[in-house]
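In: This is the structure alone, sequence omitted:
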């Protein structure tokens, strides 16, 4: 009897195809995102394809959470600035569970695995929670950048001295205080 | 004429869409209404700004009011539809290019996947062909026989408030970067279609504050930020103090000096905001090193021209100010700094709007004797052309090791690259001032460069997410060279780039900084009599 990992490896191609396809379906006009393999002409499609593929490989290989960070970021950082709700942005990760079950259910050889999915499901859940943390980090970064831009523009609108002069003034204050 | 291809381009092949990922059952693209929500639109023009502009001679900006795109009622004039259709008729008569662009598109789709907004959003209305179709469908309905007779069957659409809202959404999801035009077999300048959409929207008082306030400020004090002459001069003086502290070079630039040989104009952002400040210090050091007889103007204190993003009359007026000042000061020619869209205005519109500038001389470098015939009509030379010529003639000495902290790549700023063909000069300069730099992938540079995602007055914080997703294609290429070659500096020749790429990099590639080319020039430049400190970060080094 094959193990769950072996079954996942065997069905890797099929699972990835459906998983990537469904994730890219979340864009209104997804034809090009799915078709073009040029990483630079099609950054959303290519990064999501690469990120999800790597995540799946790591899930069925040696699961080092640290290695997950890069591919997960590759997917989530993009979705965090697109027109999705927070749930929609991280949903593709959870969808993997559904995709795997769909694929396993269609093959007699893998159907028995459906009752042994608990640990895999847990891994995916954990990954989804990490994805949510990442999503929040991205959003916070956006807000910080907003504030930074606002601050850097303020000098001008008030006709006060330039940034360079203010930095100098601050430094003089600091030196004086020491 | 049926528009089958357009439908095909827009249709997602999604079947059995997932509720979780937000897959949307696809309707016909023309029937999907736009939804305004915080983050997907820029704030509307303040009534006081619009009232001021409307009071100015030569331009018209009616219907000043408080309004919110999220509201159903946009407080349009009662006869708004008539105003729009008449406005379109007037422009079709006035601009032959618009008429041709409306008629000649065959919906081949070559442009469809070339727009950074489409690539970042997957929204079909961000395909240039469909963005143009938003206007073209109304044109067909009102101005073609087939459209008048067959309406929707001929790809026509009745002008409605819903369509006007669609225009407002998508005319401000285009940075007029013209990447799509590079791929159009008919040479349709899609940016000009966006320009027309924006002009038409202004006829009924629909514009964004981030465009109109800089326009009003430029009209009033000469620069986007409304800096007074005193503040403008004060800022440049502060930069000179910084330069003296860093390099021991004492600079006393002149302002509004009549009889100077050259008038220097750069975006005002270079004078007040990081990282443009360092670019500005670069100009000052370069001019000092070669002893250029030049002056700043505190009235033509802005290279940028947000009129380009507003209306052709406004663009003409703001551009005219630079030439009026050149005439008043009696200079021979104009040297322009590292600005983006200023160069599109100068190269593509100035000559027919305000030119030829016969009262000026064909620019001739006083240092090398090179005559810039390419600027024979506009009389305006780009700082990179000027610097590259100085290098070619051996007039500058460099110590590249002073830029050893920099591993650079070069972002072709859209307008200098595509609107004036400035491709080789910046690269030639980089070869001489840094030890090492690398190109980004071929389909993301030169004429095919990807926009920063925040041009045409979209560099405002309320649409940060939109900017980050439309900037993804650029950032994605930068990430590649950062990962592969440890690139840590994104060089460019545009002030909007310097400001917005900084934020873009912070989000996508936090280890990459942004600089203007002239900053790297000045870092490496050896100047007689200088007492340069050890500057591990060049002009950015903080000296206590």
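Out: Done, it's in. Note that this is a predicted model, so its numbers are computed, not measured.
In: And the residue of chain A closest to chain B?
Out: Minimum separation of chain A from chain B (CB to the nearest CB) falls at residue A:27, amounting to 2.9 Å. The way it works is simple: take the backbone N, C-alpha and C, and place the C-beta from them, glycine included.
In: And for that residue, the neighbour number?
Out: 27 (other CB atoms under 10 Å in any protein chain shown).
In: same thing with the one 3 residues further on?
Out: When neighbours are counted by other CB under 10 Å, residue A:30 registers 23.
In: that older thread, the residue of chain A closest to chain B: what's it in contact with?
Out: A:33, A:44, B:12, B:121, B:122, B:123 (CB atoms under 8 Å, 6 or more residues apart in numbering or on different chains).
In: quick one: contacts for the second one?
Out: This means residue A:44. So residue A:44 contacts A:27, A:33, A:78, B:119, B:120, B:122, B:472 (CB under 8 Å, 6+ apart).
In: which one of those sits closest to residue B:213?
Out: The shortest gap between residue B:213 and any of the contacts of residue A:44 belongs to residue B:120, at 26.1 Å (CB to CB).
In: and the closest one, that's in a helix?
Out: Yes. The assignment for residue B:120, made by DSSP: H, G, I helix; E, B strand; the rest coil, places it in a helix.
In: how close does it sit to chain A?
Out: Counting by CB to the nearest CB, to the nearest Å, the gap from residue B:120 to chain A is 7 Å.
In: Tell me which residues are up against the stretch of helix or strand residue B:212 belongs to.
Out: For residue B:212, the element it lies in under DSSP states H and E is helix B:209-221. Judged by CB under 8 Å, 6+ apart, the contacts made with helix B:209-221 from elsewhere in the structure are B:42-46, B:49-50, B:52-53, B:56, B:61, B:223-229, B:301-302, B:304-307, B:309-310, B:314, B:317-318, B:321, B:456-460.
In: go on, stretch B:272-281?
Out: Residues external to stretch B:272-281 that are found in contact with it (CB under 8 Å, 6+ apart): A:152-153, A:155-156, A:162-164, B:225, B:227, B:235-236, B:239, B:242-243, B:266-267, B:269-271, B:337-338, B:495, B:498-499, B:502, B:513-519, B:522, B:538-540.
In: Could you rerun that using 7 Å?
Out: A:152, A:155-156, A:162-164, B:225, B:235, B:239, B:242-243, B:266, B:269-271, B:338, B:495, B:498-499, B:502, B:514-516, B:518-519, B:522, B:539-540 (CB atoms under 7 Å, 6 or more residues apart in numbering or on different chains).
In: Just to be sure, which of these are found in strands?
Out: B:514, B:515, B:516 (DSSP state E).
In: residues contacting the nearest residue to residue B:388 once chain neighbours are set aside?
Out: When the adjacent residues along the chain are set aside, residue B:388 lies closest to residue B:425, with 4.1 Å between them (CB to CB, 6 or more residues apart in numbering or on different chains). Counting by CB under 7 Å, 6+ apart, residue B:425 makes contact with B:384, B:385, B:388.
In: can I get those in a markdown table with neighbour count and secondary structure?
Out: Putting the contacts of residue B:425 into a markdown table (neighbours: other CB atoms under 10 Å in any protein chain shown; DSSP: H, G, I helix; E, B strand; the rest coil) gives the following:
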| residue | neighbour count | secondary structure |
| --- | --- | --- |
| B:384 | 23 | helix |
| B:385 | 23 | helix |
| B:388 | 20 | helix |
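In: nearest to chain A, of these?
Out: Closest to chain A out of the contacts of residue B:425 is residue B:384 (24.0 Å), distances taken as CB to the nearest CB.
In: In contact with that closest one, which residues?
Out: By CB under 7 Å, 6+ apart, the contact set of residue B:384 is B:422, B:425, B:426, B:429, B:493, B:517.
In: Could you do residue B:97 as well?
Out: With contacts defined as CB under 7 Å, 6+ apart, the neighbours of residue B:97 are B:189, B:192.
In: what's the answer for residue B:196, then?
Out: Contacts for residue B:196 were tallied using CB under 7 Å, 6+ apart; they are B:91, B:98, B:135.
In: Now rank those residues by neighbours and give me the top one.
Out: Of all the contacts of residue B:196, the highest neighbour tally under other CB under 10 Å goes to residue B:135, namely 24 neighbours.
In: Run through chain A and note the low-pLDDT ranges.
Out: Counting by pLDDT under 70, the ranges of chain A that qualify are A:1, A:63, A:153-178.
In: Find the centremost residue of it, please.
Out: Compute the mean C-alpha point of chain A, and by CA atoms, centre = their mean the closest residue is residue A:76, 2.1 Å away.
In: All set, thanks.
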